[in-house]
Each structure stands twice: as C-alpha cells, then as structure tokens.
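Q: This is the structure alone, sequence omitted:
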C-alpha cells in the first residue's frame with residue numbers, strides 16, 4: 001500500500017503511529033468483553049458438526065475485522081521508516097539490512113517480553129497498556145524527527161520549546177494518560193468461561209454489562225495472568241452451607257471442592273487401594289490440591305511430587321487448604337513447577353502411584369498428556385505392583401473420542417480396568433502387574449484401613465459396597481473388546497482436533513459396548529462387585545445391596561436401572577428393594593431413568609426365556625431387547641444371552657418376518673457376537 005502512493009507526505013509516518021495508538025486504545029476499551037461477543041457469535045450456529053468450520057471461519061473474519069486496521073498500520077511502519085531514512089542515507093542496501101535486522105530483533109524481544117517474561121509480573125491488560133505506551137514513545141520520537149523544521153530553517157518556537165515538547169512532553173503526557181484513563185480489564189469477564197455455553201442463554205442478547213450483571217453468582221477470590229494461563233479462583237456457597245471453590249484456567253473450571261471431591265479424591269484413593277504399596281506418588285497438575293492432599297494423608301506415604309506448569313496455580317493453592325488436608329503446606333507434598341511430561345522424564349522414580357487429571361483434550365497443549373508416548377513414560381516409571389490412574393470425561397465429547405482415548409490407554413497398559421468418580425468422570429486404572437487387582441480379601445482390608453476409610457468417607461463413600469458401585473469395566477474387559485482404530489501419538493496427534501469437534505457439538509459420548517461375548521465373559525469373571533456377591537453366598541445382604549445400588553443411582557442412572565432389575569429378578573417381593581425404589585421415585589433427576597417400567601423390562605433379560613409382550617410382534621420384541629441389552633449391560637449383574645437367542649429364534653420362525661429378522665439379528669450381532677441358535681456360543 002505504501003509503495004502505491006504517488007507521493008508520501010512527510011507527516012504520514014507520525015500520523016500512522018498516532019492512528020495506531022488510537023486504534024489500540026479502542027481495542028483495549030472493549031477487549032475484556034471478547035468472551036461475551038464470542039458467546040453471542042457461537043449462539044448463532046447450531047450444535048452440530050456441520051457448523052464447526054463455518055463458526056471458526058466467522059470467528060476468524062470477526063477478529064480480522066477488529067484487529068485488521070491496527071495490523072495494517074503496524075505493517076506500514078516498516079516501509080515508511082525506510083522511506084524516511086533513505087532521504088538521509090546513500091547506501092540503501094546497508095540501510096535496508098539494518099532496518100530489517102532491528103525489526104527482527106524487536107519482533108523476537110517483543111514476543112519474548114510481552115508474550116512470556118512480563119507475564120510473571122504483569123497482567124494482560126497491563127502489558128497491553130505498556131505496548132500502547134511503547135507505540136506512543138515511538139510516535140513521539142518520529143514526530144520529533146519528522147515534524148520539526150530541518151536545520152537551517154530554525155524558528156523562535158523551534159529554538160526554544162518545540163523539540164522538548166515533541167521529544168519529552170508529549171510522550172510523558174501520553175504515558176500518564178494511558179495509565180490513568182484506561183481502566184483495568186474485568187477479571188470477572190475474562191474468567192467467565194462463556195465458551196462452555198453452546199446455545200443462547202436468557203440474557204445473551206442484552207449486551208455485555210447486563211448479561212454479566214444478571215449471570216454472575218460466584219465471587220472472584222483470585223485472578224492472575226501468567227505466561228502459561230490465566231488463573232482464577234471462584235467461590236460459591238452451597239445450599240448446605242459449605243464453601244465451594246473452583247480453580248478456573250483460561251475461563252474453564254478444572255476442578256472444584258466439594259462438588260468434584262469424589263473424583264479428585266478417588267484419583268488418590270483408588271490407586272492406593274490397588275497398588276502393592278503406597279509410599280511414593282507423582283501427581284500431574286495441582287488443581288485444588290485434593291488429590292495431593294489425600295495421598296499425603298496416607299500413613300504409608302513418604303512423598304508426593306506434584307508437577308504444576310502454572311505458577312499462578314501454586315500461588316492460589318493456599319485458598320484450597322481448608323478442603324484438601326492442607327496440601328500446599330503439607331510436609332510430604334513437593335510441588336515442582338514445570339511441564340508434566342518433562343518433569344516426569346527428569347524424575348528418577350520409581351513411583352508406586354501416578355495420578356493424572358489433565359484438563360480436557362480440546363484445551364490447547366493438553367493432548368500431549370493423553371498420548372501413547374506420555375503413557376509409556378508413566379508406565380516405565382511405575383514400581384513393581386504400581387498403579388497409574390488417568391482421568392477422562394464423557395461430557396462434551398463423542399463416542400469416537402472416548403474410544404480413541406481408551407484404545408491409546410490399552411495400547412500401553414496390559415492390565416486395565418475402568419471406574420468412575422462422578423458419573424461423567426472416568427478413572428482409567430493401568431496396572432504394572434495385576435497380581436493383587438482381583439484379591440478381594442486384600443482389597444477389603446485396604447478399604448477398612450483407617451486412613452483410606454477416612455478418605456473414602458470424605459468422598460461420600462462409607463463402605464466397601466458403595467465403593468464397588470464405582471466399578472464400570474472390570475480388569476481385562478477393554479482388551480477383550482479389542483477396540484480397533486487409531487491411537488493418539490505425538491507424531492500423529494489426532495485427539496485434539498477430534499475432541500474439539502466433539503466439544504463444539506456439546507453432547508455427551510458413550511463408552512464402546514462391552515456386552516459382546518468375550519468382554520462379557522471376562523467381565524463376569526473379573527467383576528469385583530460380582531466376586532463380592534459370590535463371596536457372600538451368591539446374594540448380597542439387603543443392606544449391602546441397598547448401599548451399592550443407592551450409590552450407583554446417584555451417579556449413573558443406567559447402572560442403577562440394571563442393578564435394580566437384577567434384584568427384581570432375584571427377589572420379586574423384596575421389601576428392602578421396594579423401599580429403595582420408593583426413595584428413587586422421590587428424586588426427579590433419576591426417577592425417570594430408573595422407572596418401574598424400565599426396570600421390569602430389564603428384569604426380563606435375566607430370565608432363561610423371554611416372551612414378547614402382547615402388543616409387540618417378534619421383531620419388535622427382539623430388537624428392543626437387544627437395544628436394552630447393549631445400553632444397560634452391567635458386568636456385576638450380566639444379562640442372559642439366552643433370552644436374546646430365544647427372542648431372535650422365535651422371530652425367525654415367522655415366515656412373514658424371517659428375512660427382516662435375519663437382518664435385525666445380524667445388526668444386533670455386531671455388538672453382541674453370535675446369537676444364532678446353531679452356534680456353540682448361543683447359551684453363553
């Protein structure tokens with residue numbers, strides 16, 4: 001653009017820089033509202049994968065429109081400097097080389113200082129104001145050099161005050177004005193996390209000030225912008241009077257007390273229960289400090305090393321000491337500031353427990369902690385009998401993303417089981433050795449140990465039966481399922497993009513079905529809850545069974561319905577079960593998911609045979625039963641495959657429906673294995 005000008009006026013460079021100051025000022029005044037306007041833009045697009053690229057293209061165009069003029073003026077500075085200097089210097093090659101060299105040095109220093117180093121001491125808005133002040137100084141210097149009369153044309157004004165005015169007074173005045181006129185950005189706005197809302201809210205289109213005034217319920221206790229993330233601590237009082245505090249990274253809540261305690265606590269206690277010994281632990285990410293605090297509270301624990309990349313999280317750590325056993329000041333806890341991967345590689349180990357709760361894989365830079373290479377590094381630093389636990393989620397994701405995470409995990413660990421904390425939080429357990437993983441007596445003794453029992457009670461788990469409700473996939477089930485497909489590696493980092501697309505849609509995902517023949521056999525053999533029942537003579541006492549099912553109902557309605565159906569099949573007239581079902585019906589959030597009609601339908605899947613209902617034809621009955629079989633299959637209370645075999649056999653006996661029944665059975669067998677009556681597996 002500069003080269004196309006027929007004539008470059010002498011004041012143009014000074015005007016360009018002052019105009020840049022003005023544009024930066026306008027951007028500054030509205031920059032902290034960016035989360036709101038991004039939310040408004042997001043609410044325009046539908047929650048489906050087809051809108052993913054159009055949304056990001058629109059966001060790119062919007063940002064380009066906002067910052068484009070400032071970028072253009074910044075880019076014009078370099079050729080204008082060259083034009084100005086070439087009038088005074090004859091060696092244009094030398095001039096161009098020096099200008100480009102200084103420009104390169106300035107770009108590197110600007111990125112290093114403004115994008116990293118200064119964030120140790122300043123927040124983002126302060127660095128923005130400092131950048132504006134730098135441009136003001138540059139504009140003042142250029143104005144001084146280009147707008148005063150050249151030598152030989154000195155005036156009274158020039159001889160007295162004009163150089164001082166342009167060279168000193170104007171920059172100082174501008175710096176003072178920037179410091180006093182421009183307000184600090186609102187940390188409440190910046191940490192709002194509105195990108196988690198995929199659709200319009202009640203006040204979305206009322207403007208930022210009205211929206212934030214009507215939406216804010218939490219109190220901001222801490223906020224600091226750092227070189228790796230912007231960290232906030234928010235507080236909210238719960239209905240029961242407890243103080244709920246959350247650690248918020250770049251607007252995203254990563255964990256909270258007490259709402260997430262069952263997950264963060266079990267990230268410490270589950271591996272401690274299964275590991276051969278619990279003396280040394282490595283924790284990836286400090287968060288609220290609950291995992292580190294629970295590990296440090298174990299009598300056998302000698303040291304808990306925590307890798308935390310963000311110094312701001314470490315600064316905020318004391319705010320959570322009231323709820324995490326004083327983890328930030330605990331003598332057994334050693335916090336190492338650094339990237340988890342590199343910190344782990346530098347550690348000599350071995351560790352009895354490695355506990356990982358990274359953020360969601362759609363967060364930039366996090367996908368490394370889900371990679372095969374990182375998991376291999378963790379596995380190799382486990383002591384004999386050591387256990388690795390990995391958090392993952394089933395919310396804001398989809399089935400292929402969950403399957404990729406599970407495939408990658410089983411690709412590294414030979415012995416894997418899956419548990420859960422809160423209902424949407426999966427806990428993947430990887431065993432270096434599986435010698436003690438199914439030792440029921442040993443597990444019961446561990447759970448009764450005072451330090452572990454106290455920790456479980458803090459997670460809301462009062463006994464062994466309630467703990468067993470959190471078992472989702474017993475040892476060996478995932479390997480028996482033989483999940484096929486791609487894994488996530490550092491050389492082929494597929495997870496981040498896949499997870500981002502799933503997050504954009506905003507729905508939840510499901511674990512791949514493990515109701516097939518081989519996984520179901522392995523699950524029936526290795527289910528700890530099933531072994532616990534068998535150790536009690538094949539039927540749990542009513543109090544233990546009630547505790548187990550009540551815990552499942554609180555977090556996973558599908559498991560709740562399956563376990564109730566199993567009890568219904570075994571004891572149709574149990575008064576204890578009826579009391580529990582009355583209790584469930586009084587809770588609207590789970591009553592529909594475990595309705596009596598559904599429970600009765602599932603109970604028929606435990607019988608030796610199952611006849612269609614009067615208003616169902618054979619195909620409809622077999623199709624519905626197969627769907628329920630896959631959707632509600634529970635390894636601690638496995639359905640009878642013979643029921644499905646009989647239903648599909650009766651369906652095929654009708655000549656009018658035989659062809660449709662054959663196709664329907666073939667579809668069902670994709671997830672369940674052989675269901676034909678002429679196969680040896682039919683009665684399994």
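A: Here it is on my side, so go on. Worth saying up front: this structure is predicted, and the values here are computed from it rather than measured.

Q: now residue 585: how far from residue 327?
A: For residue 585, the distance to residue 327 equals 41 Å [CB to CB, to the nearest Å]. Where you see a C-beta, it was placed from the backbone N, CA and C, and this is true even at glycine.

Q: out of these two, which sits in the more crowded spot?
A: Taking other CB atoms under 10 Å, residue 585 and residue 327 do not tie; residue 327 has more neighbours (28 against 14).

Q: you'd agree that one is up against residue 335?
A: No: look at residue 327 against residue 335 with CB atoms under 8 Å: they stay out of range, at 9.1 Å.

Q: any shared contact partners between those two?
A: Common contacts of residue 327 and residue 335 (CB atoms under 8 Å, 6 or more residues apart in numbering): 286, 317.

Q: Centre-most residue in the protein?
A: Computing the C-alpha centroid of the chain and ranking residues by CA atoms, centre = their mean puts residue 360 first, at 2.1 Å.

Q: list the contacts for it?
A: By CB under 8 Å, 6+ apart, the contact set of residue 360 is 252, 366, 393, 396, 499, 503.

Q: and it, what pLDDT?
A: The score at residue 360 is 92. That number is its pLDDT.

Q: for it, helix, strand, or coil?
A: In three-state terms, and counting by DSSP: H, G, I helix; E, B strand; the rest coil, residue 360 is coil.

Q: Highest neighbour count among the contacts of residue 360?
A: Ranked by the number of neighbours (other CB under 10 Å), these place residue 499 first, at 27 neighbours.

Q: In which helix or strand does that residue reside?
A: Secondary structure assignment for residue 499, by DSSP states H and E: helix 495-505.

Q: Go through that helix and flag the buried ones.
A: Neighbour-count burial for helix 495-505 flags 495, 496, 498, 499, 500, 501, 502, 503, 504, 505 (criterion: 16 or more other CB atoms under 10 Å).

Q: So the fifth one sits against residue 362, correct?
A: Yes: between residue 500 and residue 362 there is a contact under CB under 8 Å: 4.4 Å.

Q: roughly how far apart are the residue lying closest to residue 583 once chain neighbours are set aside and residue 427?
A: Spatial nearest neighbour of residue 583, excluding adjacent residues (CB to CB, 6 or more residues apart in numbering): residue 550 at 7.6 Å. Using CB to CB, residue 550 is found at 20 Å from residue 427.

Q: swap in residue 436?
A: 18 Å.

Q: what's the answer for residue 48, then?
A: From residue 48 to residue 427 the distance is 30 Å (CB to CB).

Q: Those two: which is more packed in?
A: residue 427 (22 against 11).

Q: Doesn't that one lie inside a strand?
A: Yes: judged by three-state DSSP, residue 427 forms part of a strand.

Q: Okay, and the beta partners of it?
A: For residue 427, the beta-bridge partners under DSSP bridges are residue 391, residue 419.

Q: quick one: contacts for it?
A: Neighbouring residues of residue 427 by CB under 8 Å, 6+ apart: 263, 266, 267, 270, 389, 390, 391, 418, 419, 420, 421, 470.

Q: go on, residue 285?
A: With CB under 8 Å, 6+ apart, residue 285 has these contacts: 254, 306, 307, 308, 340, 356, 357, 358, 359.

Q: Dig out what the fourth one forms beta bridges with.
A: Which is residue 308. residue 337.

Q: which SS class is residue 388?
A: Applying three-state DSSP: residue 388 is strand.

Q: Can you name the helix or strand that the residue lying closest to it once chain neighbours are set aside falls in?
A: In space, and not counting its chain neighbours, residue 388 is closest to residue 430: 4.2 Å by CB to CB, 6+ apart. Per DSSP H and E, residue 430 falls inside strand 425-431.

Q: so after that strand, what's the next helix or strand?
A: That would be, after strand 425-431 and using DSSP H and E, helix 440-448.

Q: Buried residues of that following helix, list them for me.
A: Of the residues in helix 440-448, those with enough neighbours to count as buried (16+ other CB under 10 Å) are 443, 446, 447.

Q: Mind listing residues that contact that helix?
A: Outside helix 440-448, the residues that touch it by CB under 8 Å, 6+ apart are 272-274, 436, 452-453, 456, 463-464, 467, 528, 531-532, 535.

Q: Below-threshold pLDDT in this structure: ranges please.
A: 87-90, 148-176, 179, 608-616, 676-684 (pLDDT under 70).

Q: which one's the longest helix in it?
A: helix 52-86 (DSSP state H).

Q: which other helices and strands contact that one?
A: If you count contacts as 3 or more CB pairs under 8 Å, 6 or more residues apart in numbering; DSSP states H and E, helix 52-86 packs onto helix 12-31, helix 34-44, helix 92-115, helix 495-505.

Q: In the longest one, which residues are buried?
A: By 16+ other CB under 10 Å, the buried positions in helix 92-115 come out as 95, 99, 114.

Q: Which one of those residues is nearest to residue 668?
A: residue 114 (60.0 Å; CB to CB).

Q: Not counting its neighbours along the chain, what's nearest the closest one?
A: residue 127 (5.4 Å).

Q: contacting residues for the one you found?
A: The neighbourhood of residue 127, defined by CB under 8 Å, 6+ apart, consists of 114, 118, 119.

Q: contacting residues for the first one?
A: Applying CB under 8 Å, 6+ apart, one finds that residue 114 lies in contact with 127, 130, 131.

Q: quick one: it from residue 108, how far?
A: Counting by CB to CB - residue 114 and residue 108 are separated by 11 Å.

Q: Over to the last one?
A: Applying CB to CB, the value for residue 119 to residue 108 is 16 Å.

Q: Strands of the stretch 401-550 of the chain, start to end?
A: Per DSSP state E, counting those that start in this stretch, the stretch 401-550 of the chain carries strands over the ranges 415-420, 425-431, 471-473.

Q: what about residue 58, neighbour count?
A: The number of residues near residue 58, taken as other CB under 10 Å, comes to 15.

Q: Next up, the contacts around the nearest residue to residue 215 once chain neighbours are set aside.
A: In space, and not counting its chain neighbours, residue 215 is closest to residue 203: 6.3 Å by CB to CB, 6+ apart. The contact partners of residue 203, by CB under 8 Å, 6+ apart, come to 210, 211, 214, 215.

Q: mind running it again at 10 Å?
A: Shown in contact with residue 203 (CB atoms under 10 Å, 6 or more residues apart in numbering): 210, 211, 212, 213, 214, 215.

Q: for the residues you listed, which one is nearest residue 32?
A: residue 212 (10.1 Å).

Q: Pretty sure that closest one sits against residue 187.
A: No: using CB atoms under 10 Å, residue 212 is not in contact with residue 187, being 11.5 Å away.

Q: can you map out the helices along the stretch 201-350 of the chain?
A: Counting by DSSP state H, counting those that start in this stretch, the stretch 201-350 of the chain has helices at residues 208-215, 261-274, 290-296, 311-316, 340-346.

Q: Highest mean neighbour count out of those helices?
A: Scoring those by mean neighbour count under mean count of other CB atoms under 10 Å gives helix 290-296 as the most buried, with a mean of 30.

Q: Please report phi then psi for residue 354.
A: Per-residue torsions, residue 354: phi -120, psi 120 (degrees, to the nearest 10).

Q: was I right about it contacting residue 387?
A: Yes: here residue 354 reaches residue 387: they are 7.8 Å apart, a contact under CB under 10 Å.

Q: Mutual contacts of the two, please.
A: With CB under 10 Å, 6+ apart, residue 354 and residue 387 have common neighbours 271, 275, 430.

Q: circling back: now render the helices and strands packed on helix 52-86 as CSV, adding distance to residue 621.
A: Compiled in CSV, those are given as follows (distance: least, CB to CB, whole Å):
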stretch, distance to residue 621
helix 12-31, 61
helix 34-44, 43
helix 92-115, 64
helix 495-505, 33
